[in-house]
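Asks: attaching a predicted model along with its sequence, questions to come.
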Amino acid sequence: MENNNTPAIEPKKKKSLVFPIILAVVVVVGGIYGYRTYSYGQIHEETDDAQIASNMSPVISKVSGYVTQIKVKDNQFVKKGDTLVILDNGDQKMALVQAEAALETAKSNISNAQASTTATSKNIGSSQAAVTTANAQIEAAKVNVWKTNQDLKRYSVLVKDHSITEQQYEQALAAKQSADRQLQVLVDQRNQIAQQTSIASSQTAASSQQISVAGSVAKQREVDVENARLNLSYTIILAPEDGFVGKVPIQAGQYLQAGSQLFSLVKNDQKWVIANFKETQVDKMLEGQKVKIEIDAFPDTEFDGVVSSFSPATGSTFSILPPDNASGNFVKVVQRLPVKIDFVKLDLNVAKKLRTGMNVKAEVSLK
């Protein structure tokens, strides 16, 4: 009789192969992905520390004054030469009038000096003619002196021989003395005229110097007039380039100091990317390498670029307070080097939509 209490032997369950297969697939796929990622990383360097950059022109007031009119608004597009701000020009107009008056005075001084020189030159000519006449008269007087002297000698002999009367001798002596006095008078007159001529020549030289000085002063006054006109033109502040005006923080009635920056003008003619790569990434990077650019504002569009140049120093070096590791408390921080990347065949419509400071992801091909 069989024993019904004998337990039945259960068949062994087969192990499932699903998990090992999935694990193997995951390992293989992960290995392939990791290898491809590693291989890709060996010939590419990327960073998301990058932004759109463009030229920015500061709008600066060249003269001091109160703002009377503001012709632009925030974010407005302007063309080169458009009026941006108008300053009160009362002081500049007054300075121009004063400069012009000073110029007229300087020109009048030149005319007076020239007239004085002309008059003095005429006097010199008259004096020289008088000197010539006096010299001729002196020569004639010398002849008369010689003649009266010879007559006196003859009369001196004749009066001793009683060939002539005493009166005749005295007449000859008087004629001799008169001739001597006449010669001396003519010599004194000639010397006086010569002295006047010398004085007139000195005055002419002085007048010529005055003309030169007055001419120099007039040129200086002309420069003052041009400077005053230039300052007057500076009261109308114009756009230096085409572009978009940034935020306009000034108000009508506000006083501006000369040299103060009013706002910035973002030029719209060119855009590029400044990518800040870690110093450990730039070892194999060279100018001319191709770059893939992804802009956060255009997630569905990939842009082409090329490495243009490398900054001569790290970004922290150009900061207002650059790090100084000589203090003793040194913590090594990986530095970043700004790299300029130019767009290649950037669509004009897209370029107009790009704004300075937009976030960018840049990937450089090291091949």
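Replies: Sure, I can see it. Numbering: from 1, shown residues only.

Asks: now the helix ranked longest in the chain: mean pLDDT?
Replies: Ranked by residue count under DSSP state H, the longest helix found in the chain is helix 90-160. Taken as a whole, helix 90-160 has an average pLDDT of 76.

Asks: from the contact counts, what lies against it?
Replies: helix 166-233 (3 or more CB pairs under 8 Å, 6 or more residues apart in numbering; DSSP states H and E). Any C-beta I mention is one placed from the backbone N, CA and C, and that applies to glycine too.

Asks: rewinding a little: okay, the angle between the longest helix of the chain and helix 166-233?
Replies: Interaxial angle of helix 90-160 relative to helix 166-233 (axes from the mean of the first three to the mean of the last three CA atoms, to 10 degrees): 170 degrees.

Asks: and the nearest residue to Asp342 once chain neighbours are set aside, how many neighbours?
Replies: Using CB to CB, 6 or more residues apart in numbering and skipping the chain neighbours, the partner closest in space to Asp342 is Ser308 (4.5 Å). For Ser308, the number of neighbouring residues by other CB atoms under 10 Å comes to 15.

Asks: isn't there a strand covering Ser308?
Replies: Yes - judged by DSSP: H, G, I helix; E, B strand; the rest coil, Ser308 forms part of a strand.

Asks: the stretch 201-350 of the chain: helices as residue ranges?
Replies: 348-353 (DSSP state H, counting those that start in this stretch).

Asks: secondary structure class for the residue nearest the centre of the chain?
Replies: For the chain, Lys62 is the residue whose C-alpha lies nearest the centre (CA atoms, centre = their mean; 12.1 Å). Under three-state DSSP, Lys62 falls in the coil class.

Asks: buried residues, stretch 140-157. List them.
Replies: Of the residues in stretch 140-157, those buried by neighbour count under the rule 16 or more other CB atoms under 10 Å are Ala141, Asn144, Val145, Thr148, Asp151, Leu152, Tyr155.

Asks: check contacts around the last one.
Replies: With contact taken as CB atoms under 8 Å, 6 or more residues apart in numbering, Tyr155 is in contact with Ile164, Gln168, Tyr169, Ala172, Leu173.

Asks: just the buried members of the residues you listed?
Replies: Ile164, Tyr169, Ala172, Leu173.

Asks: domains in this structure, as residue ranges please.
Replies: If you go by the TED database, the domain ranges for the chain are 46-80+245-365, 90-233.

Asks: between those domains, which gets the lowest average pLDDT?
Replies: domain 90-233 (a mean of 76).

Asks: can I get the buried residues of stretch 140-157 in JSON lines with distance to Gly243?
Replies: Below are those laid out as JSON lines (distance: CB to CB, whole Å):
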{"residue": "Ala141", "distance to Gly243": "93"}
{"residue": "Asn144", "distance to Gly243": "98"}
{"residue": "Val145", "distance to Gly243": "98"}
{"residue": "Thr148", "distance to Gly243": "103"}
{"residue": "Asp151", "distance to Gly243": "108"}
{"residue": "Leu152", "distance to Gly243": "108"}
{"residue": "Tyr155", "distance to Gly243": "113"}
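
Asks: list just the nearest of these to Leu84.
Replies: Proximity of the buried residues of stretch 140-157 to Leu84 (CB to CB) peaks at Ala141, which lies at 87.5 Å.

Asks: who's in contact with the closest residue in space to the closest one that isn't next to it in sequence?
Replies: Excluding the flanking residues, the one nearest Ala141 by CB to CB, 6+ apart is Leu183, at 4.1 Å. With contact taken as CB under 8 Å, 6+ apart, Leu183 is in contact with Ile138, Ala141, Lys142, Asn144, Val145.

Asks: at 10 Å what do you get?
Replies: The contact partners of Leu183, taken as CB atoms under 10 Å, 6 or more residues apart in numbering, are Gln137, Ile138, Glu139, Ala140, Ala141, Lys142, Val143, Asn144, Val145.

Asks: same question for Gly305.
Replies: Per CB under 10 Å, 6+ apart, neighbours of Gly305: 272-273, 275, 289-293, 340-346, 360, 362-364.

Asks: in a markdown table, list the buried ones among the contacts of Tyr155 along with distance to Gln42.
Replies: Formatted as a markdown table, the buried ones among the contacts of Tyr155 follow (distance: CB to CB, whole Å):
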| residue | distance to Gln42 |
| --- | --- |
| Ile164 | 145 |
| Tyr169 | 142 |
| Ala172 | 137 |
| Leu173 | 136 |
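
Asks: of those, closest to Lys247?
Replies: For these, the nearest to Lys247 is Leu173 (113.4 Å; CB to CB).

Asks: leaving out sequence neighbours, find the closest residue to that closest one.
Replies: Leu152 (5.9 Å).

Asks: wait, doesn't the one you found sit right on Tyr169?
Replies: Yes - Leu152 lies in contact with Tyr169 (CB atoms under 10 Å); the separation is 8.1 Å.
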